[in-house]
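>>> show me how the following folds:
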Amino acid sequence: MKICLPTKGKKGLTEIVYGHFGGAPYFIIYDTDSKSIKIIKNDNSHHNHGMCQPLSAIEKYDVDIILTSGMGARAVQILNQGGIKVFKLNGNTAAEAIKKFEDNELIELTLDSACSDHGCY
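Alright, predicted model coming up:
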């Protein structure tokens, strides 16, 4: 399984997670089988509100799960249609958030629980 998280920088699993998925400077993709990571620069981090293209940066990595502090309903819908589940992350670092996911401590984001604006985190 591949898990994607938004991060502030490129320090790998010790990196601080970023508050909003679409605006994150980087994404970490963690493969739970191989325990490997990929760090991806988000070239779409400066999008206008509602114009996030969540699949554009990660679609070639076959991501199964996204962990994020916040994401708009349209982005959740697009990801779900692409077979990707979104969970509200908990933890300061990528490693902490992944551990909480693996321990089934995270809540899935749905259209009803997604953010309605950028001030909801």
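
>>> which stretches in the protein count as helices?
Remark: helices assigned in the chain by DSSP state H are 73-81, 94-102.

>>> just the C-alpha atoms of the helix or strand of the chain with the lowest mean pLDDT, please, in PDB.
The weakest-scoring helix or strand in the chain, judged by mean pLDDT, DSSP states H and E, is helix 73-81 (a mean of 84). Coordinates of each C-alpha in helix 73-81 appear next as PDB, following Å, rounded to 0.1, in the frame of the first residue of the first chain:
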ATOM      1  CA  ALA A  73     -14.700  18.500  -0.700                       C
ATOM      2  CA  ARG A  74     -14.100  18.600  -4.500                       C
ATOM      3  CA  ALA A  75     -10.500  17.300  -4.000                       C
ATOM      4  CA  VAL A  76     -11.800  14.500  -1.800                       C
ATOM      5  CA  GLN A  77     -14.400  13.600  -4.400                       C
ATOM      6  CA  ILE A  78     -11.800  13.500  -7.200                       C
ATOM      7  CA  LEU A  79      -9.500  11.400  -5.200                       C
ATOM      8  CA  ASN A  80     -12.200   9.000  -4.200                       C
ATOM      9  CA  GLN A  81     -13.300   8.600  -7.800                       C
END
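
>>> output the contacting helices and strands for that helix.
strand 85-88 (3 or more C-beta pairs under 8 Å, 6 or more residues apart in numbering; DSSP states H and E). Yep, even glycine has a C-beta here, placed from its N, CA and C like the rest.
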